[in-house]
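Enquirer: pasting the sequence and the predicted coordinates here, then a few questions.
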Amino acid sequence: MAKEASATAMSEDSIGQLEDVKKGKPRKFAMICKGTSIVSLVVYKKGNVEARKKEAKEAGKGQFYFGVVDGKGVAIRFALARADGFESEPVKSIVLKNYLDESAEIKCKPFFEIVDTSPLVLDEDDPLVARFLQLQAAAGAACDAHADRAAEINSLCSQIGGHLDQEQPDEATAMLESLEKLLAGLTPAQTTSSAVPVAEARTSPAPRANDAAAQFLTRLKVLKPSIDAAMAAAGANPEIKLRFSEAAVFARQKDFPQADALLDVVEQLLKQSTVSPPATSSGTHPADAFKARLTALIPQIKAAAGTPAGDVAKLNVSEAGVCARKQDFVQANLLLDQAEAALKTSPQTSPRNPADLFKERLAALVPQIKQAASTPAGDAAKLKASEAGLFARKSDFVLANALLDEAEAALKGSAVATSPSTQSFNAPTDASPGIAPGLVAKRKFLIERWKRIPPEISADLKRLQQAIERDIPDEDADLLIELSEDYLNDFFDDMKEAIDDDINSGDAQYKNAIKTIGDFRTKIASEPLIQHLKANTLKAEVTVESILLGALDEIEQALAN
């Protein structure tokens, strides 16, 4: 298992924005987490969330989170909204505290909070925002005095706040003018009462503006189990998930009329499906059943720590936790099945710690490398040992020890005698498994082959996007393609990690890797989105299936040679 990377330094701009938060000014954040660690954090005042997502992902891959960070002094809140699909905190608050300390040298007491909808982040210096905040007081009074117009007023306030939050001045201006005309058309007695002070409105939009958000969230919770069940079924219609995701995007933009319209589409698609919501035979809630299984597995994983089987099980459990947080309990339980299967193959006695074994070998080699200094063999051995150290720091001891093998081979070609106490790593012993032949060369091939797949997928989907824009101009082609590309890249990452883990397991015949390659061939053939893209009716040749299958063929052939 690769060791978690140290905290990536935050940008100067993000640090400055956090300092503003400590002064009581709310900001937005984009965060990438992997397992129990934070990979990156971007804090910003303005800009599209998708652009910030790309910025955050520059530091590494992982699960994407976003929301609003606010507070004052040392108490800093990172709010994530249920309306955006977040039900639990990404990592523990202590992890966030340590990350801010290490990456930004900011001392504070941060914490996560799950809220129904994200608070608005409005720029007080923006004249449009000031105009809106002044109108809010009159709008609140008008709702109280004129109940038959309250829904219309609240809808306008909600849309204006959303447009300002998303930096859409033209749309906000048009809505502000509509609100001003509506309020001006009411009698002075009904609108002059200032039920909500302007100062209070600056930090808290009119409560009624959140009605649409609350209604949307309620529908979201009701539909989610049925959507999960539909997507887990064979032959699932991927449009259900795509429309559902689109609805969440519009909700984040506070465009609840459009978001609700998309949920209407989702409901119609679900009615066409015969899939029933998931249920356990005992009537236990899926979350509770998953938690019980996970609790039972933890002691076994700890007992197998340091073994290949234990590492595989730990990875599966970590991925299962991610799926469970997304309420995808079907996939979460499948991953627990894989973890249990891996643990059954774990030997009764644990092998020696790979880090200790590497240190012993390196310590034995250093005197020989010094003796061979300034010779071609000595220089080659020194280079290999240096590379081995880099991989050891990443906890990749399979490749690190393979490089020490190459260093030993280089020294054997020199006039320097090899210490009789130094045992070849490839020699069979009870303490160390053999290294698969040609592993270093195969790893180099894999690195280059894996790199080519994401750009190939992107180019492939670009052709489909052009076809959508040509034949269905009313469709949001950018969003559909982005969602599809994110889904396919996640599928590819799962495939890559599983195969890499098997190749690095020490299996000299690569039996596990070849079996995993076969398993993924089956998954590709049955993956609903891949098959849906392949069978598109827009006369666009989508070759995602061929891209992935072709890569698997090349990798399997490389392992056989």
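Expert: Great, that's in hand.
Enquirer: check the gap between the most centrally placed residue in the chain and Asn98 for me.
Expert: Residue closest to the average C-alpha location in the chain (Cα atoms, centre = their mean): Gln63, at 1.6 Å. For Gln63, the distance to Asn98 (Cβ to Cβ, to the nearest Å) stands at 19 Å. The C-beta positions use only the backbone N, C-alpha and C, and glycine is treated the same way.
Enquirer: list the contacts of the helix or strand containing Ala339.
Expert: According to DSSP states H and E, Ala339 maps onto helix 329-344. With contacts defined as Cβ atoms under 8 Å, 6 or more residues apart in numbering, helix 329-344 is touched by 228, 232, 278, 286-287, 289-290, 293-294, 297, 300-301, 304, 309-310, 312-314, 316-317, 319-321, 323-324.
Enquirer: buried set for the longest helix anywhere in the chain?
Expert: Counting by DSSP state H, the longest helix found in the chain is helix 439-471. Residues 439-440, 442-443, 445-446, 450, 453-454, 456-457, 460-461, 464-465, 467-468 are the ones in helix 439-471 that count as buried (16 or more other Cβ atoms under 10 Å).
Enquirer: how about the longest strand belonging to the chain as PDB, C-alpha atoms only?
Expert: Using DSSP state E to assign secondary structure, the strand with the most residues in the chain is strand 63-72. The C-alpha trace of strand 63-72 is given here as PDB (Å, rounded to 0.1, in the frame of the first residue of the first chain):
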ATOM      1  CA  GLN A  63     -13.200  12.200  -3.600                       C
ATOM      2  CA  PHE A  64     -14.300  15.800  -4.400                       C
ATOM      3  CA  TYR A  65     -16.100  17.900  -1.700                       C
ATOM      4  CA  PHE A  66     -17.300  21.500  -1.800                       C
ATOM      5  CA  GLY A  67     -19.200  23.900   0.300                       C
ATOM      6  CA  VAL A  68     -19.000  27.100   2.300                       C
ATOM      7  CA  VAL A  69     -16.400  28.000   5.000                       C
ATOM      8  CA  ASP A  70     -17.400  30.600   7.500                       C
ATOM      9  CA  GLY A  71     -16.900  31.600  11.100                       C
ATOM     10  CA  LYS A  72     -14.800  34.100  13.100                       C
END
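Enquirer: next SSE downstream of it?
Expert: Using DSSP H and E, the helix or strand that follows strand 63-72 towards the C-terminus is strand 75-81.
Enquirer: between strand 63-72 and that following strand, find me the angle.
Expert: Computed by axes from the mean of the first three to the mean of the last three Cα atoms, to 10 degrees, the angle separating strand 75-81 from strand 63-72 equals 140 degrees.
Enquirer: quick one: buried residues of the helix holding Ala339?
Expert: Of the residues in helix 329-344, 329, 331-336, 338-340, 342-343 count as buried by neighbour count, 16+ other Cβ under 10 Å.
Enquirer: now render these as JSON lines, adding pLDDT.
Expert: Putting these into JSON lines (pLDDT from 0 to 100) gives the following:
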{"residue": "Phe329", "pLDDT": "72"}
{"residue": "Gln331", "pLDDT": "70"}
{"residue": "Ala332", "pLDDT": "75"}
{"residue": "Asn333", "pLDDT": "76"}
{"residue": "Leu334", "pLDDT": "72"}
{"residue": "Leu335", "pLDDT": "74"}
{"residue": "Leu336", "pLDDT": "81"}
{"residue": "Gln338", "pLDDT": "76"}
{"residue": "Ala339", "pLDDT": "79"}
{"residue": "Glu340", "pLDDT": "82"}
{"residue": "Ala342", "pLDDT": "76"}
{"residue": "Leu343", "pLDDT": "78"}
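Enquirer: can you give me the strands for this protein?
Expert: 27-34, 37-44, 63-72, 75-81, 109-115.
Enquirer: okay, and for the stretch 101-250 of the chain, where does confidence drop off?
Expert: In the predicted model of the stretch 101-250 of the chain, residues 137, 187-212, 214, 218, 221-222, 225, 231-239, 242, 246, 249 satisfy pLDDT under 70.
Enquirer: what's the answer for the stretch 451-561 of the chain, then?
Expert: 506.
Enquirer: residue ranges of the helices in it, please?
Expert: With helices called from DSSP state H, counting those that start in this stretch, the stretch 451-561 of the chain shows them at 477-503, 511-526, 528-534, 544-560.
Enquirer: quick one: buried ones out of the contacts of helix 329-344?
Expert: So, by 16+ other Cβ under 10 Å, the buried ones in these are 228, 278, 286, 289-290, 293-294, 297, 300-301, 304, 309-310, 312-314, 316-317, 319-321, 323-324.
Enquirer: now the strands of the chain as a markdown table including distance to Glu406?
Expert: Formatted as a markdown table, these follow (distance: least, Cβ to Cβ, whole Å):
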| stretch | distance to Glu406 |
| --- | --- |
| strand 27-34 | 31 |
| strand 37-44 | 32 |
| strand 63-72 | 37 |
| strand 75-81 | 47 |
| strand 109-115 | 46 |
